[in-house]
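Enquirer: Provided below for reference: sequence and predicted model.
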Amino acid sequence: MVDYDRAKELKAFDDTKAGVKGLVNAGIVHIPEFFIRLAAENEFSAENLDSCSEVNIQIPVIDLKDINEEDDFRRRKIIEKIGEACETWGFFQVVNHGVPQHVMDEMIRGVRSFNEQPNEIKMEFYSRDNLKKVKFNSNFDLYQSKAANWRDTLACTMAPNSPSSDELPETCREELLQYSEHVRRLGHKIFELLAEALGLKPNHLLDMECAKGHFILSHYYPPCPEPNKTLGITRHTDPDFFTILLQDQIGGLQIYHQNQWIDIHPVTGALVINLGDLLQATSIK
């Protein structure tokens, strides 16, 4: 029996600069051992998935329509709903948020196009250098995690020091720039509403430079030949002030609420807001 050399296997995978999609393109039937999660460690086991699918509840969906109009009553109601959602869930979805549907659709298509192009083009962006504004890789913690996740990621630091247009991949350059600008404006609006929900002046969190950083992570999950042995993303919290999540209408996103996993059912045109650890810490009274 040949001993399994995990470090060697990880390096060999990383050196291909092809990511998980490279394994799929190679036609593998069995996933590499470093992707396999033991059932005892897998919080998304079949038993847990069955239990959460029976829970017919949904995170709040908040309509931001006419939020900029001079309607104090409607604005107060929206702020109240956001405050309740943050206290109860830490998550909520927003609709009529100002990011056009075609911009969201193009963003998803652009990221898919990037990941599905020939590897010799993609590998130019492959890096683990955290100082790079734009980089592509598979699992930022590949060498530290107990098991790798079945995903590839394009990471772009859009602020405060934005990349030049030429630094962004051509296949999704315009999509990234367009989506980034719309999300930046939405982020500022949500910070204002969150501040008011905390009983503060609208600009309080913005004046603290909470919106100074802007980071876009675009995850890609290729088909897996053994999906029962691995995950696309594991249980985690996000360290940021808050995260705006754009998910494909296929779904798959879950949150942990009152000791059970809850499916977030995709709402057409909606964005998911995830209250981050830093904002929770900042807002503790």
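Expert: Yep, it's here.

Enquirer: contacting residues around the helix or strand hosting A155?
Expert: In the assignment (DSSP states H and E), A155 maps to strand 152-159. Outside of strand 152-159, the residues within contact range by Cβ atoms under 8 Å, 6 or more residues apart in numbering are 19-21, 111, 114-115, 125, 133-140, 163, 168-169, 172, 176, 180, 184, 212-220, 222. In this view, the C-beta of every residue, glycine as well, is placed from N, C-alpha and C.

Enquirer: just the buried ones from these, in ChimeraX syntax?
Expert: To isolate the buried members of these in ChimeraX, using 16 or more other Cβ atoms under 10 Å:
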select :19,20,21,111,114,115,125,134,135,136,137,138,139,163,168,169,172,176,180,214,216,218,220,222
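
Enquirer: the contacts of strand 152-159 in helices, which ones?
Expert: 19-21, 111, 114-115, 176, 180, 184 (DSSP state H).

Enquirer: if I pick the most centrally placed residue in the chain, what's in contact with it?
Expert: Central residue check for the chain by Cα atoms, centre = their mean: the C-alpha nearest the mean position is that of L245, 5.2 Å away. Residues counted as contacts of L245 (Cβ under 8 Å, 6+ apart) are 253, 271-274.

Enquirer: rewinding a little: nearest to I121 among the ones in helices among the contacts of strand 152-159?
Expert: F114 (8.8 Å; Cβ to Cβ).

Enquirer: retrieve the pLDDT associated with that closest one.
Expert: What the model reports for F114 is a pLDDT of 98.

Enquirer: same thing with Q249?
Expert: At Q249, pLDDT is 67.

Enquirer: repeat for the one 10 residues further on
Expert: Confidence per residue is given as pLDDT, and for N259 that number is 83.

Enquirer: kindly report the same for D277.
Expert: 69.

Enquirer: can you dump the C-alpha atoms of stretch 226-233 in PDB for me?
Expert: Only the C-alpha atoms of stretch 226-233 are listed here, as PDB (Å, rounded to 0.1, in the frame of the first residue of the first chain):
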ATOM      1  CA  GLU A 226     -18.700  12.600  -6.100                       C
ATOM      2  CA  PRO A 227     -20.800  15.400  -4.600                       C
ATOM      3  CA  ASN A 228     -21.600  13.400  -1.400                       C
ATOM      4  CA  LYS A 229     -17.900  13.500  -0.400                       C
ATOM      5  CA  THR A 230     -17.100  17.200  -0.600                       C
ATOM      6  CA  LEU A 231     -18.600  20.700  -0.300                       C
ATOM      7  CA  GLY A 232     -18.500  23.900  -2.400                       C
ATOM      8  CA  ILE A 233     -18.100  26.000   0.700                       C
END
